[in-house]
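Q: Sharing a model that was predicted from the sequence below.
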Amino acid sequence: MDKRIEAICGDAIAELQKMENESVNLIVTDPPYNLNKDYGTSQDKLKFEDYLEFSRLWLKEAKRVLKPDGTIYIFMGMKYISYIYIILEQELGMTFNSWITWYYTQGIGKTKGFSPRHDDILMFTKNAKKFVFDLDAIRVPQKYYRSVNNMRGANPGNVWEFSHMHYCNKNRKKHPTQKPEGLYERMILASSKENDVVVDPFVGSGTCLRVCQQTNRRGVGIDINPEYIEMTEERLLEEFKGFDSIDEKMKRCPNDLNDANVRIEYIENHIQLFLKNHPDAITEFLEEVKQKYLTKMIETGQIWIFDQYGVAI
């Protein structure tokens, strides 16, 4: 296994306590929501105050190990998210940055009340002003091309649309709360640099470490369940063919690419910038290019780009 990636079987709090002060650049994690999920070696069902104390203890250690310019992203269910917010801000003195909503089109069905279609992610930084945030690494294509906007696209905002990890997904593991790699890709690219240390204290199916592996980060994942550590290690040995999820906006081709030189430059840049970790999405992107610009591209001799990626004319 990649020596930059470490999967540790152990208790999250105890393993965090072993880490040096200010040694971690980024923490991205999906802790138990205390909703009675079956995690094999543990049942996610603590008393209310016990769950808050458990959260308080691991978050205290998380803050301690973060570097001064470090960031933490935490997935959390609606029942406890406000309490986690208070612990981070009021008790630990961290700075709130963003409340991210992950929107997905399918989820739990309810017959009385509205079916949930989103999860939430809290983003807090250790310092109010000095923290890593690489916007260029996570921009999304715009609907209309304008030269003043440059080819890097726009800020993705705080509502993210990624497909849920359906059981039919080829990358689905035997874990009850597996998250899409595209979500972790965005957070890790935004809030860390290559060779930075990224920690997931509740690594589960190994999504965080898989993304660290493919984005040249040093990843440390912790889980109390040895089966999940074994699952993670096996996942890290799999051939990489692209991340298992993508923001649908990454595949869209902007309107108004009327200048021939700008158009071909944009198409090539789009593939390199937006689809670098998503080779399976290139065909879909080029199909949209073809629908919008095929006639013009025939006239300007630019259809070679379709042949290059095996897209039929």
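A: Perfect, thanks for sending it. Numbers count the residues shown, from 1 in each chain.
Q: Need the single longest strand in this structure, by residues.
A: In the chain, taking DSSP state E as the definition, the longest strand is strand 66-76.
Q: neighbouring strands for it, and are they parallel or not?
A: strand 24-29 (parallel), strand 118-125 (antiparallel) (DSSP bridges).
Q: Tell me how many other residues crowd residue 77.
A: Residues lying near residue 77 (other Cβ atoms under 10 Å) number 16. C-beta: built from backbone N, CA, C; applies to glycine.
Q: Just to check, it is in contact with residue 30?
A: No - the pair residue 77 / residue 30 is not scored as a contact, 10.3 Å apart, by Cβ atoms under 8 Å.
Q: Kindly confirm my reading that residue 194 is in a helix.
A: No - according to DSSP: H, G, I helix; E, B strand; the rest coil, residue 194 belongs to no helix; its state is coil.
Q: Does it touch residue 215 like I think?
A: Yes - the criterion here is Cβ under 8 Å, and residue 194 meets it with residue 215 at 7.4 Å.
Q: ok, the two, which is more surrounded?
A: residue 215 (21 against 9).
Q: What separation do you get for that one and residue 271?
A: Look at residue 215 and residue 271: by Cβ to Cβ, to the nearest Å, they are 18 Å apart.
Q: what comes up buried for the one helix or strand residue 99 maps to?
A: Here residue 99 sits within strand 95-103, counting by DSSP states H and E. Using 16 or more other Cβ atoms under 10 Å as the test for burial, strand 95-103 gives 97-98, 100, 102.
Q: Count residues in the vicinity of residue 235, would you?
A: Neighbours of residue 235 using other Cβ under 10 Å come to 17.
Q: what is the orientation angle of the strand holding residue 99 with strand 66-76?
A: Going by axes from the mean of the first three to the mean of the last three Cα atoms, to 10 degrees, strand 95-103 is angled at 30 degrees with respect to strand 66-76.
Q: by contact count, what packs against strand 95-103?
A: On a contact count with 3 or more Cβ pairs under 8 Å, 6 or more residues apart in numbering; DSSP states H and E, strand 95-103 meets strand 118-125, strand 159-161.
Q: Extract the C-alpha trace of the longest strand of the chain and format it as PDB.
A: The C-alpha coordinates for strand 66-76 follow below in PDB (Å, rounded to 0.1, in the frame of the first residue of the first chain):
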ATOM      1  CA  LEU A  66      -4.900  20.900  13.400                       C
ATOM      2  CA  LYS A  67      -2.200  23.300  12.200                       C
ATOM      3  CA  PRO A  68      -2.900  27.000  12.700                       C
ATOM      4  CA  ASP A  69      -4.200  27.400   9.100                       C
ATOM      5  CA  GLY A  70      -6.100  24.000   9.300                       C
ATOM      6  CA  THR A  71      -9.700  23.300   8.400                       C
ATOM      7  CA  ILE A  72     -12.200  20.700   9.500                       C
ATOM      8  CA  TYR A  73     -15.200  19.400   7.600                       C
ATOM      9  CA  ILE A  74     -17.800  17.400   9.400                       C
ATOM     10  CA  PHE A  75     -20.800  15.500   8.000                       C
ATOM     11  CA  MET A  76     -23.700  15.600  10.500                       C
END
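Q: now that strand: how far from the chain's centre is it?
A: 14 Å (Cα atoms, centre = their mean, to the nearest Å).
Q: ok, residue 255 to residue 145 distance?
A: For residue 255, the distance to residue 145 - Cβ to Cβ - is 7 Å.
Q: So which of those two has more stuff around it?
A: Per other Cβ under 10 Å, whichever of residue 255 and residue 145 has more neighbours is residue 145, with 20 against 12.
Q: Need phi/psi at that one.
A: Residue 145 adopts backbone torsions of phi -80, psi 130, taken as degrees, to the nearest 10.
Q: Tell me the spacing between the closest residue to it other than its chain neighbours and residue 142.
A: If the residues on either side of it in the chain are set aside, residue 145 comes closest to residue 254, at 3.9 Å by Cβ to Cβ, 6 or more residues apart in numbering. Applying Cβ to Cβ, the value for residue 254 to residue 142 is 6 Å.
Q: repeat for residue 260
A: Residue 260 is 20 Å from residue 142, by Cβ to Cβ.
Q: quick one, which of those two is more surrounded?
A: Ranked by neighbour count (other Cβ under 10 Å), residue 260 and residue 142 place residue 142 first, with 18 against 15.
Q: what residues are up against the residue nearest to that one when sequence neighbours are not counted?
A: Closest residue to residue 142 apart from its sequence neighbours, by Cβ to Cβ, 6+ apart: residue 154 at 5.1 Å. Contacts for residue 154 (Cβ atoms under 8 Å, 6 or more residues apart in numbering) come out as 139-142.
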